[in-house]
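> What shape does this take:
(one chain, ligands or ions: 1)
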Amino acid sequence: MIVLVGFMGAGKTTVGHLIAERLGLPFTDSDEAIEQRAGRSIPQIFAEDGEPAFRALEHQVIAELLDGPALVLALGGGAAEHPGTRDRLARAQVVYLQVGYEQAMQRVGGDAGRPLLARPDLAATYQRRLPRYAEIATLTVSTDGRHPESISEDILARLGTEPGVGGRAPYLPSPP
Ligand code: S3P
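Now for the predicted structure:
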């Protein structure tokens, strides 16, 4: 199980797809899984049910995915704030894609599919989350000014060589 975490615009979905392809693993985006489960878009869930309901569903969907077969899983930027989700990630290889705030805003722009972008306290949310990402990461990769291909190559090279944080074993692809 390889899990990608980081703020909106870090490139979790793009990089996750590239890594999954190279490792021959399926790729899943937690936001897509939530939308499928709810039968509604993320902005609709936020608008109709509120953020706490979204966070509860997000935790449930992620926990189920983590219990399932091996895959590359990109998490929504807020998932790491849920203590239960952080606990569940203790057995996974967690790749933290770091992105500076300015770069993140350039990448996501005014995306209507991301309700948090409308929040006045977005910069504070970003700051609050940084230690959360760092806390659960077994591998940290900087993404500012870098192309997704280069980031994914970096991750693939380091996944096989660097031991995970807290004694967790590195991800070793199974033989073909
Ligand atoms: C969110 C990030 C989004 C999505 C939702 C909330 C957040 O995912 O889960 O809009 O709280 O940062 P991405 O990080 O994939 O944009």
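> what residues are up against the nearest residue to residue 152 once chain neighbours are set aside?
Excluding its sequence neighbours, the residue lying closest to residue 152 (Cβ to Cβ, 6 or more residues apart in numbering) is residue 18, at 3.9 Å. (C-beta placed from N, C-alpha, C; glycine too.) Residue 18 makes contacts with 148-149, 152, as judged by Cβ atoms under 8 Å, 6 or more residues apart in numbering.
> Give me the three-state assignment for residue 18.
The three-state label given to residue 18 by DSSP: H, G, I helix; E, B strand; the rest coil is helix.
> how about the residues of this protein near the ligand?
Contact residues (Cβ under 6 Å from any ligand atom) of the chain with the ligand: 8, 12, 31, 42, 76-78, 114-116.
> Most neighbours among those residues, which one is it?
Neighbour tally across those (other Cβ atoms under 10 Å): the maximum, 28 neighbours, falls on residue 12.
> Next, the contact list for that one, please.
The contact partners of residue 12, by Cβ under 8 Å, 6+ apart, come to 4-6, 29, 74-75, 77, 97.
> The longest helix seen in the chain: which residues count as buried?
Secondary structure of the chain per DSSP state H: the longest helix is helix 51-67. Within helix 51-67, the residues that qualify as buried are 54-55, 57-59, 61-63, 65-66, counting by 16 or more other Cβ atoms under 10 Å.
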